[in-house]
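Novice: Just the structure for this:
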Amino acid sequence: AYNKLSIEEKDPKTVSTRSVVKSNILPSRKEARRQLLLKSHEASRAKKMEHKDQEGLKTFIARKKQICLSNIAINSKRVEMKKLEAKVVKKEEALQQSQVLL
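Specialist: Next up is the predicted model:
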């Protein structure tokens, strides 16, 4: 990753010009690898966060579903209790009527 650039540089000892080998503006292999690892790490972190968000959403939906099913069960139990209470009242009235007749 080196290019020979013709840069004239004066050497104070020889007072002559020479070509200097300079590195490209491109990053070194080590730096490129570090950047690639950093990008892959950021991508995996973003993926994990997205997974957590999806998992959080799934958990939220599951909780809401459970709450809804619980509310339905409670409401059906209330209706059942009202029916049974009405039945009890009817039976007590019938019992009182039968006691009056005796």
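
Novice: pLDDT score assigned to the most centrally placed residue in the chain?
Specialist: Nearest residue to the geometric centre of the chain (CA atoms, centre = their mean): residue 53, 1.5 Å. Per-residue pLDDT puts residue 53 at 79.

Novice: same thing with residue 77?
Specialist: With respect to pLDDT, residue 77 scores 97.

Novice: does residue 47 sit in a helix or strand, and which one?
Specialist: helix 29-101 (DSSP states H and E).

Novice: and the gap between the residue nearest to the centre of the chain and residue 46?
Specialist: 10 Å (CB to CB, to the nearest Å). No exception for glycine: its C-beta is placed from N, CA and C like everyone else's.

Novice: likewise residue 35?
Specialist: With CB to CB as the criterion, residue 35 and residue 46 are 16 Å apart.

Novice: now residue 33
Specialist: Taking CB to CB, one finds residue 33 at 20 Å from residue 46.

Novice: go on, residue 74?
Specialist: With CB to CB as the criterion, residue 74 and residue 46 are 42 Å apart.
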